[in-house]
Structures are given as structure tokens and as C-alpha cells.
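Novice: could you work out the structure for the sequence below:
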Amino acid sequence: MIVIIDYEVGNVGSVLNMIKKIGHDCIISNDKDDIMNATHLILPGVGSFDYGMNQLKKHGLIEVLQQAKNINKPILGICLGMQLLGKKSEEGSIEGLSFLDFEVVRFKSESLQIPHVGWNTLNIKMTGSLFSEINYSKFYFTHSYHIITNDSKTIIATTEYGYEFVSVVGSNNIFGVQFHPEKSHKYGMTLLKNFINVTK
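Specialist: Reported below is the predicted structural model:
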């Protein structure tokens with residue numbers, strides 16, 4: 001059973017629908033037992049960094065997610081959910097989950113239209129895993145902040161928007177994508193299928 005973490009940050013229905021469309025059992029939950037019994041966890045989210053962390057704390061999910069990480073349960077962060085996997089953000093003052101060694105910064109260019117919204121391609125740096133059978137990687141983005149990682153070995157893919165930024169990271173059982181696979185049609189569907197199948 002795949003569990004989409006429910007911490008009341010963004011619409012999770014489209015993620016649920018896509019997981020079901022590719023043929024897997026999936027629920028939306030913030031129940032500790034559901035999370036610990038899940039085969040895979042998805043942490044979606046839209047909005048501000050501090051709000052997201054406060055919502056995780058409100059629902060008692062920070063410790064539960066740490067426990068899930070410690071037993072190598074596969075976790076996929078999407079958009080804000082990806083950013084929360086890091087240490088901190090320029091957007092706020094609250095410490096992140098610190099599952100991966102990166103920080104979140106705002107796009108640094110006066111000439112760019114912010115937020116970055118729309119379809120964009122990936123420069124895949126690390127093959128396999130999430131990108132199996134994805135020959136042309138085109139995904140849907142909507143964000144004003146991106147990550148800067150302190151560990152280059154975790155960079156799976158980058159994207160160009162004014163300059164190159166890290167759009168996919170991963171280490172062991174933890175993955176993060178800045179784009180929205182649930183809005184990325186067949187490309188997103190394949191990526192979610194890879195997360196579920198390859199990381200077991």
C-alpha cells in the first residue's frame with residue numbers, strides 16, 4: 001500500500017488518481033500506523049516552507065517520517081514536499097527535515113519571470129531508478145524556490161531556467177522532485193511507476 005502523506009498542504013487528489021491509474025493501491029493518510037505499514041510514502045505539497053513544516057508538526061508527522069526513513073522506507077517528496085526534505089529555506093526560519101543535505105533558495109535573477117511555471121526538460125545526471133524507460137524527460141513545474149545541494153552525489157537531474165538548478169535529488173531510499181509528476185501526463189506516470197517498482 002502506498003500512502004500519500006496528508007498534512008493539509010495542497011491538493012493530493014491528483015497524486016492519488018495517478019497512482020491508482022497505474023494500478024497500485026493507495027490511500028491519503030496522516031495516521032502513524034498507515035505510514036509505518038506503507039510500502040512507499042509520497043510527501044506532496046504546495047505553499048511556503050515554514051507553513052509546511054508547521055503542518056507536519058501539527059499532525060505529529062516529523063517523528064513518524066524520521067522513523068520511516070530510518071527503516072529505509074522509500075519516500076518521494078514532490079515540489080514543497082521535496083524542499084522540506086532539506087535543512088532550511090530562505091523562505092522561512094524553521095529547520096527542515098534534514099533527510100538530505102541541501103538548502104532552498106529563491107531564484108536569483110531579475111530577468112526571470114517568477115514563479116517558474118510550465119513545462120521544462122531535465123538534464124539527467126544519474127541514470128536508472130526514477131528515470132528508467134524515460135527517454136525524453138519533460139515535466140510540469142510551478143515554483144519560486146529551488147534547492148542548492150551540498151552533496152553533488154545526490155543530484156539526479158537539473159533543469160535550465162535562466163541558469164541551471166537542481167530539480168531531482170536522491171540518496172538511498174529518499175527522493176525529491178521539484179516538478180509535479182501528477183501534472184506531467186505520461187512522463188510523470190512513468191516516473192511514479194519507477195518510484196514504486198524500482199525502489200522496493
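
Novice: report the longest helix in this structure, please.
Specialist: The single longest helix within the chain, with elements called by DSSP state H, is helix 185-198.

Novice: any idea of the mean pLDDT for it?
Specialist: Model confidence over helix 185-198, given as mean pLDDT, is 89.

Novice: do stretch 112-123 as well
Specialist: For stretch 112-123, the per-residue pLDDT averages 94.

Novice: for that stretch, the distance to its chain's centre please.
Specialist: The chain centroid and the centroid of stretch 112-123 are separated by 16 Å, computed with C-alpha atoms, centre = their mean, to the nearest Å.

Novice: rewinding a little: in the longest helix of the chain, what's buried?
Specialist: By neighbour count, and taking 16 or more other C-beta atoms under 10 Å as the criterion, the buried residues in helix 185-198 are 187-196. In this view, the C-beta of every residue, glycine as well, is placed from N, C-alpha and C.

Novice: got it, and stretch 22-41?
Specialist: Judged by neighbour count using 16+ other C-beta under 10 Å, the buried positions of stretch 22-41 are 24, 26, 29-30, 34-35, 38, 40-41.

Novice: pick out the most distant pair among those.
Specialist: Taking every pair in those and measuring C-beta to C-beta, the maximum separation is 19.6 Å, between His24 and Asn30.

Novice: what residues are bridge-paired with Ser171?
Specialist: Each beta-bridge partner of Ser171 is listed here: Ile174, as defined by DSSP bridges.

Novice: OK, contacts around it?
Specialist: When the contact criterion is C-beta atoms under 8 Å, 6 or more residues apart in numbering, the partners of Ser171 are 100, 151, 153-154.

Novice: mark which of the residues you listed are part of helices, please.
Specialist: Reading helices off these, I find no matches (DSSP H).

Novice: still on that earlier bit, what sits up against the longest helix of the chain?
Specialist: 2, 18-19, 21-22, 24, 39-40, 74, 76, 128-134, 136-140, 175, 177, 179-182, 184.
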